[in-house]
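In: I'll drop the sequence and a predicted model, then ask my questions.
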Amino acid sequence: MGLGAFETAGDVGETPKAGSADFDAASGEYRITGGGANIWGVKDAFQFVWKRLSGDVSLTADVKFIGAGAVGHRKAALMIRQGLEPDAPYADVALHGDGLTSLQFRPKAGAMTQEMRSALKGPVRMRIERKGNDMMMYAGNPGEQLQPVGPATVVLQDPVYAGLAVCSHDANVLETAIFSNVRVEATGKTKR
């Protein structure tokens, strides 16, 4: 399965309906369909397309949902995660179906997820940056300066799992998002 900049895809956590991921090499678009009850709380359930990376990293993409959606809090996210366990520490930039955009993070395994919200509603372009233990969110629209939110402190050991995530927020349905203009960049060495 060719996944462009990423190594593989799969469901994380309890997902009664299996997700899927497709990459269109001609357009550069990733079409990701995910189920799962949430990326939140003390454990997550979602479809994840990822690659393992070490050091500082930046993920950028334009993100849009397909269709009206069953739940306003369905999520499409750019994520940096310690592992594939449902309760793993992580940070993500999550676009919700209702337009809410936030930097979500679980500072340690099994901890409650926290968030920092953007003032922007429904931005097109999103970025997450890892610099050491600091996670930053940037969001905006094409041609505009991206607005920063953060940092959140999440201590992750290399290598990390970096990629794209979709959660339906209702485990009985699947939701789909398109990620385009995706860039995955190693930006330097993480200091420990």
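Out: Great, that's in hand.

In: where in the protein is the helix or strand with the lowest mean pLDDT?
Out: In the chain, the helix or strand scored least confidently by mean pLDDT, DSSP states H and E is strand 175-188, which has a mean of 93.

In: ok, now how distant is residue 72 from residue 143?
Out: Separation of residue 72 from residue 143 (CB to CB, to the nearest Å): 28 Å. C-beta here means a position set from N, CA and C on the backbone, and glycine is covered the same way.

In: thinking again about what came up before, chain center to the least confident helix or strand of the chain, what's the gap?
Out: 9 Å (CA atoms, centre = their mean, to the nearest Å).

In: look up how far residue 51 lies from residue 91.
Out: 16 Å.

In: and the two? which has more neighbours close in?
Out: Neighbour tally, residue 91 and residue 51, criterion other CB atoms under 10 Å: the higher count belongs to residue 91, 31 against 17.

In: helix or strand: which one has the more buried one?
Out: In the assignment (DSSP states H and E), residue 91 maps to strand 90-96.

In: just checking, what packs against the least confident helix or strand of the chain?
Out: strand 29-34, strand 46-53, strand 56-65, strand 125-131, strand 160-167 (3 or more CB pairs under 8 Å, 6 or more residues apart in numbering; DSSP states H and E).

In: strand partners of the strand holding residue 91, parallel vs antiparallel please.
Out: Strand 90-96 pairs in its sheet with strand 75-81 (antiparallel), strand 101-106 (antiparallel), by DSSP bridges.

In: residue 154 is nearest to which of the ones you listed?
Out: Nearest to residue 154, of all the strands paired with strand 90-96, is strand 101-106, at 5.1 Å by CB to CB.

In: other residues contacting the closest one?
Out: With contact meaning CB atoms under 8 Å, 6 or more residues apart in numbering, strand 101-106 is reached by 39-40, 42, 77, 87-96, 112-118, 120-123, 126, 128, 135-137, 139, 149-150, 152, 154.

In: how far away is residue 47 from residue 151?
Out: In terms of CB to CB, residue 47 sits 27 Å off from residue 151.

In: higher neighbour count, these two?
Out: residue 47 (28 against 19).
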